[in-house]
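**Q** below is the sequence, then the predicted model.
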Amino acid sequence: MRQLVKLRRLVRPYWWHIVGALAALVVVTATQLAIPRIIEDVIDIGLAQGEIRFMIQAAGVILGIGLLRAIFAFVQRYLSEYVSMKVAYDLRNWLFNHIQHLSFTYHDRASTGQLMSRCTEDVGAIQRFLGFGAVELSQALFMAIGAMGLMLTSSPRLALIAIIPILPLVLLTTSFGGRVSKMFYDVDWALGSLSSRLQENAAGAQVVRAFAREPYEVSRFARVNRKLFDARIHVISEWSKVMPTSHLLISLSTILILFFGGRMVLNDEITVGQLVAFNSYLLLLANPVQQLTWLVNAAGEAAAGAQRAFEVLDRPSEIQSAPEAVETEALKGLVEFKDVHFTYEGEQIPALSDINIAAEPNQVVALIGPTGSGKTSLVNLIPRFYDVSSGAVLVDGQDIRSIDVQVLRRQIGIVLQSSLLFSATIRENIALGRPDADEEQILAAARAAEAHEFILNTADGYDTVVGERGVTLSGGQRQRIAIARALLIDPSILILDDSTSSVDMETEHLIQKALDELMRGRTTFVIAQRLSTVRNADQILVMDQGRIIERGQHEALLEKRGLYKEIYDLQLAEQEQFRETIAQLEKN
Amino acid sequence: MSTQEITPPEYYLRDDEQRQGYDSGVLRDLLAFMRPYQRQFIFSFILMTIGTVSVVAGPFLVKVAIDDGITQNDPVALRNAVLLYLLAILVQWLVTYIRINIMARAGQSIIYDMRDRLFNHIQKLSLGFFSRYSVGRLIARVINDVSSIRDFVTWSVIASARNLFTLVGTLIAMLALNLQLSLYTFTVLPLIMLATYIFRNRIREVYRRVRIGNSWVNSVLAENINGVRVVQAFTREDYNYERFSQEVNQYHLQNNLKSASLISTFFPTVDMIGSLAVALVVWLGGAAVLGADITPGVLVAFVLYIERFFNPIQDLSRRYDQLQVTLTGGERVLELLRTDVEVADDDTAVELPRINGDVHFEDVSFHYSDDPDTVVLQDIELKAERGQTIALVGQTGAGKSTLIKLLSRFHDPTQGRVCIDGFDLRSVTQASLRSQMGIVLQEPFLFSGTVQENIQFGRLDASLQEVEAAAKAVGAHDFISKLRNGYETTVEEGGALLSEGQRQLISFARALLADPRILILDEATSSVDTQTEQLIQKALATLLEGRTSFVIAHRLSTIINADLIVVVDGGEIIERGTHEDLLQKRGAYFQLYSMGFKDRPETD
C-alpha cells in the first residue's frame, strides 16, 4: 500500500477534480440515503393514515431526488474517470520517457516483455483503481457514516445490533487486502514471462525449427503457462473464500434487524416504516461493502502495479548530464582516452584496461582484433553509452561527463552492425536523427549512401513503410539506410561498427563508396575485420583481451611482426591465391 | 486538451476491422473450447439456479415477515420467516463459494488450453508466417485477446445467465405479488430499451477506437523499447517523447475519455429511470393500498424488487458490449489457429533413416504462396554427394538462402522435388529430417538462459563435458570460461552482453553438438574475425569428414576449397564448377570477385 502513496505525486495536478468528484459523491450518497427515509414516511404516514396526497407528494420527491442523483452521478463518474485516465496518460508518458533515457547498462539486463507489461498492464491496474476503486471505496465510507448516523438517530439499540456482523467483515477484508497484493504481483510476473517466452520463440523461430526443438519450446511455454494458471487460481481461491462470506455477513445483518426489529415493532418501540428504512439502509450499505473485497483486490493490483512501475521509475539513469554541463556546439572532433578502464556492471573481468588514445580531428582510427577483444566496448564509451570505470574520455579536451549528453551524442554518428529500422516510412527512418530535415537533405543523404536507387524501386519510394509492420529490406539495404541516417546528422565524430561484413561483394563495394563519402572531414572510429578497410587509417589499434597491444600505421605494424602481421598474412594469403590463379589463367 | 483529430497509421486500423454482423461460427468455435468442461458448466448452472432462487426469495421473505409477522402481531410467523431467510443466505453462501471455485478453475483451464493450442500451432507454422505476422501482433493475440476471452468464459457466460435468471425470477415474483402494480412498473421498460439502444450505437465506434489506441500504444512502446539503443544513439528521446505523448498516448486518452463520457451518461440515466419506477409504485401503489389492494409488505417488496430488476438490465447491456470485444478477439485468435500449416508432415510420412548425404534438387522452382508472380527459384537442378561441400555465391537476394531453406524444408518447392538419399523430403517427418541437419545462420540467435543451455539446444541430453568439447572445438571455450559464471552465465534477451562474434561462436558450438549429417552455414562466419574464422574452418574440416555441407559465404577463403561452387542469380543457377574452373570461365564468378578485390591493397 505504501506504493499507492507514491501515486499522490501523479494525482496532485488533478486535486480539484478529485475534490469535485468527492463532493458530487457526497450528494449522490445523500440522495440514496434519502429514499429509505421517504419510504418510511410513506408507510407510517401515507399508508397507515391513508393520506393519499402525501403519497403523491412522496412520489414527486422521489422523482426529484432521482433526477438530482442522476446529474451528480454523471459529474462524479466523469470526473473520476477523467482523473484516472489523465493519471494513466501521465504515468505512461513518464514511463516511456524514463525508459528511453535509461542507460545501456539497464537495458542490457532488462527484458522487453517485462518493461512492456509495466507500461500496459500495470498502468491499467492503477487506472482501474483510480477510476472505480477509489470512488467506490470513498462511497463505502460515506455510506457507512451516513447510514450509521441515520440508524443511530432512528434507534440506537437496533443500530448496534445491525453492526455486529459488520465488524468481522471489516477484519476479513483488510486481512485479505494484505495478502492479495503479493498474489497479484505473481500473476503479473507470470504474464510478463509468458509474453517474453512467446516473443523469444517468435524471434528465434528459424533456430527452433532448424534444430527441431518445437517440443522443447512447447514444454518450456507450458511451464510458464502453468505458473500463470497457478498464480491466478491462487488469487481466485482466496477471493472465493472472502467474497461469499462478506455477502453472508451483510445478509446476516438484515436478518438480525428483521428479527429483533420485528419484535421491537411488536412491542411498539419502533414503527414498521422505521424497520423498513433500516433494512434499506443496510441494503444500501451492502453494495459498497460487498464490493469491498473486490476493491481491496483492485487496490492490491494497483499497488502491485505501482510497485513495478516505480521499480523502473526509481531507477536513475547512470548516464546523466552533470548539472553544470556545458552545451558546447560544433565539436572539432579531438577524441582522447586517458587511462581508461572499464568493467561491465556485475562482471569481474574488465572489458577494457589501460586505454590511451588521442585521435586528432578528421583522423581515421581503425580498431582490429579478435572477437570479444573489446572493440565495441571501446567505441561505446565515446557517446557515453557507458561511463568509464576509471580514467576519462575527452572530446575537444573536455571530459565528456562534463558535456551535455544530448549535445555530445548529436555530434556523433553511428552505424551499427545490425541496423534497426522502425515501423515508419523510409523517409522517417533516414530522418531519425534530424526529424526537421527537408526533402532535399534527405535525398542528398540517400544518394551519398548509395541508397537512392533501390529506394525508388520500392513500392512507394521514400514513403514505403519498413520495419515490423512494413516491407522487409535486405541486410545491405538496411545498412545503406543506416548510413544515410548517420550522414544526415552531419556528425563531427563517426563510429562504424563493422558495417560491411554481412553483405555480398558488390553491395560491399557500394557501401564502401558510401562510407568513404561519410568519413570525409570527420573523426572516425571504425571497427573492421577486413584489412582493406583498415589499411589507410591514420592510426590502427590492435586489440586483444581489452588492451591495445599494438598501434601505429600499416607499414610500421607490419614490421613489428605481431598480431597485426598475423591477421594480415591470413587475409593476404587469400589475395595471393587469387592473384596466382589469375596469373596462371593469364599464362594459359 | 487539444481537440484536433489524431489518426493512427492505416496499418493499425487493419487489425480491428469492424465486425460485419454476427458470425455464429466464431461463437460456436469458442464454445468448442468450453466443451471439455461441460460438466463444470452444467454444475455451475445448477448451483446458480439455486443461488438465484435464494436471492429472489429475499424481498418476499421480508414481505412475509412484515405482513404475516409484524402487522398480524404473530411472533412465530416472524421467527419462521427470519429462519427461512437465514437458510436462504446460508445456501447462497455455500453455493457461491463452490461455484466460483469450479468456474474459475474451468475458466483458467480453458485459457490455459487455448494458449497451449496457440503456441503449439505457432510452432508448426512455417517461417513465411513470421515475416508476415509481427511479434507484437502475436503477443496481442496470445496474451490480450485470450485474456478478453477469459473474462468472457469465466464471468460473462455465468453472470449473463445469472442476470437473466434474476430478471425472470424477479418478474415472476412481482407478477405473483401484484399483477396490476407490476404492469404499471413495466411501463418504464421501453425507456430503458431506448436508452440502451442509443448508448450501444454510440459506444461501439468509440470502443473500436479505444482498442486501436491500445494496439497503437503497445506497438510504439515495444518498438521503442527494442530500439532504445538506436534511439539514444540518435538522441531521438525528446522527439519520440513528443510524438508519443502528443499523438499516440493522446489518441488513446481522447477516445478513452469519449467512452467515459458516454458511460457516465448512460448509467445515471438508467438509474434515473429506476427512480421513476419507484415513484410510480409509491404513487399508484399508494392509491391501491388505500383501495386496500396491497399491504405495506408488498409495497416494500416491490421497491426492493425494482432494484433487483434494474441491476441485471444494466449488467446485461454492459456484457453485450464485452461480448462484441470478445468475439472480435476470439475471431482473431481462431484465425491464427486456422492459419494453414504450409509445411505439414504427410500422414504417410516416414522417419528419415540416418542420412548418408546425397542431396538432389530435382528441377526445383519456388515462389511464395502469397506472391505467385515473383519467382524466387527457377528450375534448380543440383546434386551433392556424400561428403561434398557446396558453396553458394551470388548477390544479396539472388535466392541462395531460399535454396537452403528448401533443403531444411522450411518451405516446399512449388515445382520439382528435393531429395536426400533418394527420399523426397515431403515423404519424411520434419523432426527426423531436421534433427540430422545443423544450421548456423548469419545472425546468431541466443535464448535467455545459460550459455550451457544455449549450446545444449543442439542436443538436449548432452553432458557438460560434451558441451565443453563442442565449445573448445570452435574456440569458444576460452571466452566462456572467463564469463562471470562460466557456462552457467545467464545470457540476457538478445545476448546483449556478448559480442556478435561470441554469440556466433556459441551457435557454432550448438550446431556442432547436434552432430548433424548435413551442415548448412548461411553466412555464418561473416561476423567473426579472420583468426576465429580460421579456427572454425579447422574445426569444420574434421567435422565435415563424410558429411555433406552447404555454405553461403562472401569471403573467398570460405569458398575456395568447396567441391562445387554454384553461382545463383535471379533465382537461377548461372554458373557451376570449382574455383579454378569458374575463374577460367571469366564469367559472373570472376566478375564478382575481381570487383571485390578492386579497391583492395596492393601486395607490396
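**A** The structure has been received and is ready for your questions.

**Q** only C-alpha atoms from now on, for both contacts and neighbour counts.
**A** Will do.

**Q** do you know how far residue B:358 is from chain A?
**A** 19 Å (Cα to the nearest Cα, to the nearest Å).

**Q** which one is that residue nearest to, not counting chain neighbours?
**A** residue B:385 (4.5 Å; Cα to Cα, 6 or more residues apart in numbering or on different chains).

**Q** model confidence at the one you found, what's the number?
**A** Turning to residue B:385, the model gives it a pLDDT of 90.

**Q** and for it, the neighbour number?
**A** 19 (other Cα atoms under 10 Å in any protein chain shown).

**Q** what about chain B, any weak spots by pLDDT?
**A** For chain B, applying pLDDT under 70 flags the ranges B:1-4, B:11-24, B:155, B:286-294, B:321, B:492-496, B:527, B:595-604.

**Q** now do the contacts for the residue nearest to residue B:358.
**A** Residues in contact with residue B:385 (Cα atoms under 8 Å, 6 or more residues apart in numbering or on different chains) are B:357, B:358, B:359, B:548.

**Q** how about residue B:341?
**A** Here residue B:341 is in contact with B:124, B:125, B:126 (Cα under 8 Å, 6+ apart).

**Q** what's the answer for residue A:116, then?
**A** Shown in contact with residue A:116 (Cα under 8 Å, 6+ apart): B:218, B:221, B:222, B:225.

**Q** out of these, who's the most crowded?
**A** The residue in the contacts of residue A:116 with the most neighbours, by other Cα under 10 Å, is residue B:221 (24 neighbours).

**Q** that one in helix, strand or coil?
**A** helix (DSSP: H, G, I helix; E, B strand; the rest coil).

**Q** that one contacts residue A:96, doesn't it?
**A** Yes. Assessed by Cα atoms under 8 Å, residue B:221 is found in contact with residue A:96 at 7.2 Å.

**Q** helix or strand: which one has residue A:437?
**A** Using DSSP states H and E, residue A:437 falls within no helix or strand.

**Q** try residue B:516
**A** Using DSSP H and E, residue B:516 falls within no helix or strand.

**Q** picking up where we left off before, quick one: which of the contacts of residue B:341 sit in helices?
**A** Members of the contacts of residue B:341 lying in helices (criterion: DSSP state H): residue B:124.

**Q** who in the stretch 1-150 of chain B is up against chain A?
**A** Within the stretch 1-150 of chain B, the positions adjacent to chain A are B:11, B:62, B:65-66, B:69-70, B:73, B:75, B:78-79, B:82, B:85-86, B:89-90, B:93-94, B:96-97, B:100-101, B:104-105, B:108-109, B:112, B:115-116, B:119-120, B:123-124, B:127, B:130, B:134-136, B:139, B:143 by Cα under 8 Å from any Cα of the partner chain.

**Q** returning to what we had before: from the contacts of residue A:116, which are also near chain A?
**A** B:218, B:221, B:222, B:225.

**Q** and residue A:159, how many neighbours?
**A** Residues lying near residue A:159 (other Cα under 10 Å) number 20.

**Q** quick check: pLDDT value at it.
**A** 90.

**Q** contacts only, for it.
**A** By Cα under 8 Å, 6+ apart, the contact list for residue A:159 reads A:148, A:151, A:152.

**Q** of those, closest to chain B?
**A** residue A:151 (18.1 Å; Cα to the nearest Cα).

**Q** avg pLDDT for the strand or helix carrying the closest one?
**A** Element membership of residue A:151 [criterion: DSSP H and E] is helix A:134-154. Across helix A:134-154, the average pLDDT comes to 86.

**Q** buried set for it?
**A** Across helix A:134-154, burial judged by 16 or more other Cα atoms under 10 Å in any protein chain shown covers A:134-137, A:139-140, A:142-144, A:146-148, A:150-151, A:154.

**Q** domain ranges for chain B, per the record?
**A** B:10-338, B:444-515 (automatic domain parsing).

**Q** arrange those in CSV, one row each, with distance to residue A:403 as further columns.
**A** CSV is the format used below for the domains of chain B (distance: least, Cα to Cα, whole Å):
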stretch, distance to residue A:403
domain B:10-338, 14
domain B:444-515, 27
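
**Q** highest average neighbour count across these?
**A** Mean neighbour count (mean count of other Cα atoms under 10 Å in any protein chain shown) peaks for domain B:444-515 among those, with a mean of 21.

**Q** straight-line length of that domain, end to end?
**A** End-to-end distance of domain B:444-515 (Cα to Cα, to the nearest Å): 18 Å.

**Q** hmm, back to that, shared neighbours of residue B:221 and residue A:96, anything?
**A** Common contacts of residue B:221 and residue A:96, defined by Cα under 8 Å, 6+ apart, comprise residue A:119.

**Q** next structured bit after the helix or strand containing residue A:179?
**A** Per DSSP H and E: residue A:179 is located in helix A:166-203. Using DSSP H and E, the helix or strand that follows helix A:166-203 towards the C-terminus is helix A:205-210.

**Q** output the contacting helices and strands for the helix or strand just after that next one.
**A** For helix A:205-210, the following helix or strand on the C-terminal side (DSSP H and E) is helix A:214-256. Packing partners of helix A:214-256 (3 or more Cα pairs under 8 Å, 6 or more residues apart in numbering or on different chains; DSSP states H and E): helix A:156-163, helix A:166-203, helix A:272-313, helix B:75-124.

**Q** tell me the first helix or strand C-terminal of helix A:214-256.
**A** From helix A:214-256 onward toward the C-terminus, using DSSP H and E, the following helix or strand is helix A:262-266.

**Q** return the distance of that following helix from the chain's centre.
**A** Relative to its chain's centre, helix A:262-266 lies at 62 Å (Cα atoms, centre = their mean, to the nearest Å).

**Q** what's it in contact with?
**A** So helix A:262-266 is in contact with A:270, A:271, A:272, A:275, B:65, B:66, B:69, B:70, B:73, B:75, B:78, going by Cα under 8 Å, 6+ apart.

**Q** excluding its backbone neighbours, what's nearest the third one?
**A** Ranked by Cα to Cα, 6+ apart and with sequence neighbours excluded, the top spatial neighbour of residue A:272 is residue A:265, at 6.3 Å.
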